[in-house]
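**Student:** this is a predicted model, with the sequence first.
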Amino acid sequence: MTTAHEPAIAVQQKPHDVSRWLRHAGTWRAHARWLFPDNALDTLEASIRESESEHRCEIRLVIEAAMPLVNVWRGQTCRQRAVQLFHHLGVAHTSERTGILLYINIADHDIELIADKGVNALVDDASWEAVVKQMSAGFRDERYVQSVLDALNTLRGIARESLPARAGAAPDNALTDRPLML
C-alpha cells in the first residue's frame with residue numbers, strides 16, 4: 001500500500017498481467033459492500049462531515065472493489081487510478097486547492113492518498129505516509145471500517161492544524177461527504 005501526494009504520473013505496472021486481471025475480475029462490488037455496508041458508509045460520511053466543520057480541506061473517500069478490467073489489462077496502477085479519480089470527481093478543483101482523496105482498492109489491497117497542492121505544501125510526506133500505514137495495519141487485522149475512521153480522524157488533526165476553519169465562516173462543502181463505492 002502506498003501514498004501519493006501531488007498528482008503525478010506513476011510507474012506503470014506491466015500491461016497484460018493476467019493474474020492481476022483475474023484478481024480484479026473476481027472481486028465484485030459485493031466484496032466492498034461486505035467490508036463497508038451501508039451503516040458503515042453512514043458512519044464514515046458523518047465523520048467526514050464533522051471533520052470538515054473544523055478545517056478548510058475537502059476530504060473525499062473512494063472505495064473501489066476492482067478497477068475497470070480494460071484499465072487493469074493496460075497496466076493502470078492504483079496510483080494512476082486515484083489521480084484519475086482525483087480530477088474526475090473534482091477533488092482537484094476546490095477553491096483553495098485543499099482537496100484530499102483517500103482511495104481504497106480492494107482487489108489490489110492498495111490505499112492511495114492524494115492531496116492537492118494547497119494542503120500538500122503545508123504537510124510533510126511523513127504525515128501522509130503515517131495515515132496510509134495506520135490504515136494498512138488495521139486492514140491487515142481486518143478492522144476495515146475502524147481503520148478508515150482512525151485514518152479520517154488523523155486526517156482531521158492534520159487538516160485542522162494546517163488549514164483551520166475560519167472563525168465565523170461557514171464551511172465550504174464543495175464535495176459530497178458520502179463515501180463513493182465503485
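**Tutor:** Done, it's in. Residues are numbered from 1 along each chain as shown.
**Student:** for the most centrally placed residue in the chain, helix, strand, or coil?
**Tutor:** For the chain, residue 102 is the residue whose C-alpha lies nearest the centre (C-alpha atoms, centre = their mean; 1.1 Å). At residue 102 the chain is in strand, as set by DSSP: H, G, I helix; E, B strand; the rest coil.
**Student:** can you map out the helices along the protein?
**Tutor:** For the chain, the helices defined by DSSP state H cover 18-25, 29-35, 38-52, 69-73, 78-88, 117-120, 125-140, 144-162.
**Student:** give the bridge partners for the residue nearest to the centre of the chain, please.
**Tutor:** residue 61, residue 113 (DSSP bridges).
**Student:** go ahead and confirm it touches residue 115.
**Tutor:** No: judged on C-beta atoms under 8 Å, residue 102 makes no contact with residue 115 at a distance of 9.7 Å. C-beta: built from backbone N, CA, C; applies to glycine.
**Student:** one step back: closest to residue 96 out of the helices of the chain?
**Tutor:** The closest of these to residue 96 is helix 117-120. By C-beta to C-beta, the value is 4.8 Å.
**Student:** who touches that closest one?
**Tutor:** With contact meaning C-beta atoms under 8 Å, 6 or more residues apart in numbering, helix 117-120 is reached by 5-6, 57, 94, 96-100, 159, 162-163.
**Student:** buried among the residues you listed? Need that as a selection in PyMOL.
**Tutor:** Buried members of the contacts of helix 117-120, defined by 16 or more other C-beta atoms under 10 Å, are picked up in PyMOL with:
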select buried, resi 5+57+94+97+98+99+100+159+162+163
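**Student:** quick check: closest non-adjacent residue to residue 14.
**Tutor:** Excluding its sequence neighbours, the residue lying closest to residue 14 (C-beta to C-beta, 6 or more residues apart in numbering) is residue 75, at 5.8 Å.
**Student:** mind checking pLDDT for that neighbour?
**Tutor:** Model confidence at residue 75, given as pLDDT, is 93.
**Student:** and residue 151, what does it touch?
**Tutor:** By C-beta under 8 Å, 6+ apart, residue 151 lies in contact with 102, 131-132, 134-135, 138.
**Student:** point out where the protein drops to low pLDDT.
**Tutor:** Across the chain, residues meeting the criterion (pLDDT under 70) sit at 1-13, 167-171.
**Student:** measure residue 72 to residue 20 for me?
**Tutor:** 6 Å (C-beta to C-beta, to the nearest Å).
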